[in-house]
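Novice: how would this look folded up:
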Amino acid sequence: MKTYKIGERYQVKRLSADIDQHFRQKLLSMGFIPGAIIHIMRVAPLGDPLQVEIKGCQLSIRRRDLEKLALEKVSDDN
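Specialist: Sure thing, here's the model as predicted:
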């Protein structure tokens with residue numbers, strides 16, 4: 001299981017092929033599209049859910065749902 005820390009940024013590379021179509025559409029409508037930057041804002045005390053900012057909106061997402069995305073960490077100097 002991936003460890004996410006407050007302040008980290010990730011770029012969405014792609015959505016996993018095994019996501020059902022309804023959930024895929026929900027993720028896309030919330031801004032989880034390839035190229036989008038996800039900023040980790042808060043992590044719940046037990047590690048789930050995570051509060052993230054994407055495209056100017058803050059939302060909470062379960063760790064298992066976030067792990068269905070192919071993410072690449074973005075360095076702080078970008």
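
Novice: wait, what's in contact with the closest residue to residue 1 other than its chain neighbours?
Specialist: Distances taken as C-beta to C-beta, 6 or more residues apart in numbering put residue 63 closest to residue 1, at 7.1 Å, once the chain neighbours are dropped. Using the backbone N, CA and C atoms, a C-beta is placed for each residue, glycine as well. Taking C-beta atoms under 8 Å, 6 or more residues apart in numbering, we find residue 63 in contact with 1, 2, 4, 47, 48, 49, 50.

Novice: quick check: the first one touching residue 62?
Specialist: No. Counting by C-beta atoms under 8 Å, residue 1 sits too far from residue 62 to count as a contact (12.0 Å).

Novice: of those two, give the one with the bigger neighbour count.
Specialist: Remark: of residue 1 and residue 62, residue 62 carries more neighbours, 11 against 8, as counted by other C-beta atoms under 10 Å.

Novice: where are the low-confidence patches of this structure?
Specialist: Counting by pLDDT under 70, the ranges of the chain that qualify are 76-78.

Novice: and the strands in this protein?
Specialist: 9-15, 37-43, 50-54, 57-61, 69-74 (DSSP state E).

Novice: may I have the strands that pair with the fourth one, each with its orientation?
Specialist: When sheet partners are counted by DSSP bridges, strand 57-61 sits next to strand 50-54 (antiparallel).

Novice: need the contact partners of the strand it pairs with.
Specialist: Applying C-beta under 8 Å, 6+ apart, the contact partners of strand 50-54 are 4, 30-32, 36-44, 58-63, 66.

Novice: and residue 43, how many neighbours?
Specialist: Residues near residue 43, counting by other C-beta under 10 Å, number 18.

Novice: now it. Nearest residue, chain neighbours left out?
Specialist: residue 50 (5.5 Å).
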